[in-house]
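Trainee: Let's see this in three dimensions:
(2 chains)
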Number of protein chains: 2
Amino acid sequence: MPRRTGVRPGGGPTAGTVETEAELLAAAHRFADLAGAAIRPHFRRRLDVDNKAAGGGFDPVTAADRDAERAIAAALAEAFPSHGLVGEEFGATNLGARRQWVVDPIDGTRAFILGMPLWGTLIGLIDDGAPVLGIMDQPYTRERFWASASGAFARAVDGSVSRLATRPCAGLGEAMLATTHPDMFAAGFESERFAAARREARMTRFGGDCYGYCLLAAGFVDLIIESGLKSYDIVALIPIIERAGGVVTSWSGGSAAAGGRVVASGDPRTHEAALKILAG
Amino acid sequence: MPRRTGVRPGGGPTAGTVETEAELLAAAHRFADLAGAAIRPHFRRRLDVDNKAAGGGFDPVTAADRDAERAIAAALAEAFPSHGLVGEEFGATNLGARRQWVVDPIDGTRAFILGMPLWGTLIGLIDDGAPVLGIMDQPYTRERFWASASGAFARAVDGSVSRLATRPCAGLGEAMLATTHPDMFAAGFESERFAAARREARMTRFGGDCYGYCLLAAGFVDLIIESGLKSYDIVALIPIIERAGGVVTSWSGGSAAAGGRVVASGDPRTHEAALKILAG
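Mentor: Purely as a prediction, here's the structure:
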């Protein structure tokens, strides 16, 4: 019998909605399928890129982003009309609901506009405040990473599915460190702390985006240190990392679900060492 | 009738070997197929990584690297026994031959060991000193980029083939700049020149490897600036960039075929502007 991830006993906007984990996961896969179908025709097309950042930063919003979020929003409204939806492009609906879907149709817009297949569609589900389900889908390569209570899994480009598991890493000196961009870190404290961690790590790679967190869950990256994340950049990834055996927190060891300064490790020993350095 | 890329009228080790462009290109595709088959089982396996760098740098040689180069060397010896072969792992054979194959089975070993699909198998052909044919193959996603006299092409993950063409870019202010790693540049002159170019560019992305050059040929990246390359890191990419309408040279404007400091641009105007900055 499918495990029930939550039952609200009457009252409130979600009264009567008791979805099983299997139902929620099946819906999440469907949302990812729809988003991928909406995004795929736009990838590696020569797009006009809006610049939505006030103040001149470079933060492209593509037609793909909007098409995908619309597709997910419509499917969600039909499947679970009482659930909440938090997305980068469309603000938030049903904010009081117990179940909140947290969506970023294209995490890694820089990678996307450059044609690199490291961006992904992030679909996360928060239940009663805790991230319980997440999908990272790469629509171009057709890779998908996901997790719910029953475990963390990946579908490879050839369609084969395997269980995700982080690898052991005794400390920073063994750690392969990945981060999306050196400019993520504000001058001063953030840059200094990142530089200190980087000096200790065995190797550093830039340019990972959400793909990097999935490779950590798969046991090929040991440590990710980032900053300036939004909630929708990380919520979907938290179950994937944790169900694979990893740890993901803020730099001060609290919940990563709000974004900001985030550190993820495949091995708790590496995480502890990283937190010591990042605390300053 | 197939165009003949070169005829040597008697004498020397290549006497009697008159391959058409089509024959050479077909052989190159076959070499890439063999290399991919040799490499694929090793990708995203938890490998032991040798450290071949004297002095402690991190330069992994994997079993995949060696298996692929052996496969290519055997196929080349059977197809064109008089041709030369220059490879990272196996030194050089038939160095005096007019036709030299320049091979790097896994360009982007850091990307490879972290599980990121941006590494590639590089197979280039030098004819009488000039790079005339090149393949970049990504065995995991099954993408392939190649060029010979008849043009530059890409095979996407879905198997569709399209012609590569760079995009216009009037100058550095519009340029999307990609480079593999900030640590490529030696402290002092190289780092200062790269930083100066980066300040002018519209956006910078790290973590491209050989994949970045192919995205430049495809019209999604405008400028790549790198340093410390070996010949086998760039020879296969030169025809792909040039046949797509781009320019690739050393920082001082000479041939890029020897490696070292390399700059590639999709638009000659961007290239000219970059060369001015890189000259110092």
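
Trainee: Next, count neighbours for A:Ala279.
Mentor: Residues within reach of A:Ala279, counting by other CB atoms under 10 Å in any protein chain shown, total 10. Bear in mind the C-beta positions are built from the backbone N, C-alpha and C, glycine included.

Trainee: which ones are touching it?
Mentor: A:Ala279 makes contact with A:251-252 under the criterion CB atoms under 8 Å, 6 or more residues apart in numbering or on different chains.

Trainee: Against A:Gly254, how distant is it?
Mentor: Going from A:Ala279 to A:Gly254 by CB to CB, to the nearest Å gives 12 Å.

Trainee: In chain A, which residue sits nearest chain B?
Mentor: In chain A, no residue comes nearer to chain B than A:Gly207, which is 2.2 Å away by CB to the nearest CB.

Trainee: Surely that residue and A:Ala111 touch.
Mentor: Yes: between A:Gly207 and A:Ala111 there is a contact at 7.3 Å, judged by CB atoms under 8 Å.

Trainee: Quick one: name the residues of the stretch 101-250 of chain A near chain B.
Mentor: With CB under 8 Å from any CB of the partner chain as the criterion, the stretch 101-250 of chain A meets chain B at residues A:110-111, A:113-118, A:140-142, A:156-157, A:167, A:176, A:178, A:181-183, A:202-208, A:211-212, A:215, A:218-221.

Trainee: which SS class is A:Met136?
Mentor: Under the three-state scheme (DSSP: H, G, I helix; E, B strand; the rest coil), A:Met136 adopts strand.

Trainee: Tell me, how many residues neighbour it?
Mentor: 28.

Trainee: Report the beta-bridge partners for it.
Mentor: A:Leu122, A:Phe145 (DSSP bridges).

Trainee: What residues does it make contact with?
Mentor: A:107, A:120-122, A:144-146, A:210-211, A:213-214, A:236-237, A:240.

Trainee: Go again with 7 Å.
Mentor: Taking CB atoms under 7 Å, 6 or more residues apart in numbering or on different chains, we find A:Met136 in contact with A:120, A:122, A:145, A:210, A:214, A:236-237, A:240.

Trainee: distance between the longest helix along chain A and the chain's centre?
Mentor: Longest helix in chain A, counting residues (DSSP state H): helix A:21-39. Helix A:21-39 sits 15 Å away from the centroid of its parent chain (CA atoms, centre = their mean, to the nearest Å).

Trainee: Please identify the buried residues of that helix?
Mentor: A:21, A:24-25, A:27-29, A:31-36, A:38-39 (16 or more other CB atoms under 10 Å in any protein chain shown).

Trainee: One more: stretch A:227-236?
Mentor: Residues of stretch A:227-236 classed as buried by neighbour count (16+ other CB under 10 Å): A:227-229, A:231-236.

Trainee: could you pull out the strands for the stretch 1-150 of chain A?
Mentor: Taking DSSP state E, counting those that start in this stretch, the strands of the stretch 1-150 of chain A run over residues A:50-51, A:60-61, A:84-87, A:91-93, A:99-107, A:120-127, A:130-138, A:143-148.

Trainee: list the helices and strands the last one packs on?
Mentor: With contacts defined as 3 or more CB pairs under 7 Å, 6 or more residues apart in numbering or on different chains; DSSP states H and E, the secondary structure elements packing on strand A:143-148 are helix A:21-39, strand A:130-138, strand A:151-155, helix A:237-243.

Trainee: Now it: average pLDDT?
Mentor: Averaged over strand A:143-148, pLDDT sits at 98.

Trainee: okay, the angle between that strand and strand A:151-155?
Mentor: Strand A:143-148 runs at 170 degrees relative to strand A:151-155, counting by axes from the mean of the first three to the mean of the last three CA atoms, to 10 degrees.

Trainee: re earlier: quick one: which of A:Gly207 and A:Ala111 has more around it?
Mentor: Neighbours were counted for A:Gly207 and for A:Ala111 using other CB under 10 Å; A:Gly207 has more, 29 against 22.

Trainee: Hmm, the more buried one is touching B:Thr204, no?
Mentor: No: using CB atoms under 7 Å, A:Gly207 is not in contact with B:Thr204, being 10.4 Å away.

Trainee: what sits in contact with each of these two?
Mentor: Jointly contacting A:Gly207 and B:Thr204 under the rule CB under 7 Å, 6+ apart is no residue at all.

Trainee: hang on, the earlier thing: TSV please, covering the helices and strands packed on strand A:143-148 and showing mean pLDDT.
Mentor: Below are the helices and strands packed on strand A:143-148 laid out as TSV (pLDDT from 0 to 100):
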stretch	mean pLDDT
helix A:21-39	97
strand A:130-138	97
strand A:151-155	98
helix A:237-243	98
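
Trainee: and the closest residue to A:Ser191 other than its chain neighbours, what does it touch?
Mentor: Distances taken as CB to CB, 6 or more residues apart in numbering or on different chains put A:Phe185 closest to A:Ser191, at 4.4 Å, once the chain neighbours are dropped. A:Phe185 makes contact with A:191, A:194, A:227 under the criterion CB under 7 Å, 6+ apart.

Trainee: how far away is A:Phe185 from A:Lys276?
Mentor: A:Phe185 is 18 Å from A:Lys276, where distance means CB to CB.

Trainee: cool, A:Gly246 as well?
Mentor: Using CB to CB, A:Gly246 is found at 18 Å from A:Lys276.

Trainee: Looking at those two, which is more packed in?
Mentor: For A:Gly246 versus A:Lys276, neighbours defined as other CB under 10 Å are more numerous around A:Gly246 (30 against 11).

Trainee: what's the residue lying closest to the more buried one once chain neighbours are set aside in contact with, if anything?
Mentor: Nearest non-adjacent residue to A:Gly246, counting by CB to CB, 6+ apart: A:Thr166, 4.5 Å away. If you count contacts by CB under 7 Å, 6+ apart, A:Thr166 has them with A:216-217, A:219, A:244-246, A:266-267.

Trainee: sorry, back to before: per-residue confidence for the residue of chain A closest to chain B?
Mentor: Note on A:Gly207: pLDDT of 89.

Trainee: With adjacent residues omitted, what lies nearest to it?
Mentor: Closest residue to A:Gly207 apart from its sequence neighbours, by CB to CB, 6+ apart: B:Gly207 at 2.2 Å.

Trainee: Let me see the contact set for that neighbour.
Mentor: By CB under 7 Å, 6+ apart, the neighbours of B:Gly207 are A:205-207, B:118, B:180.

Trainee: From these, which land in strands?
Mentor: Members of the contacts of B:Gly207 lying in strands (criterion: DSSP state E): A:205-206.

Trainee: Which members of the contacts of B:Gly207 are the farthest-apart pair?
Mentor: Within these, A:Phe206 and B:Leu118 form the most distant pair, 11.5 Å apart (CB to CB).

Trainee: Which helix or strand in chain A has the lowest average pLDDT?
Mentor: strand A:50-51 (a mean of 42; mean pLDDT, DSSP states H and E).

Trainee: what about A:Phe206 and B:Leu118, which has more around it?
Mentor: B:Leu118 (28 against 23).

Trainee: Quick check: chain neighbours aside, which residue is closest to that one?
Mentor: Distances taken as CB to CB, 6+ apart place B:Tyr211 nearest to B:Leu118, at 4.1 Å, with adjacent residues excluded.
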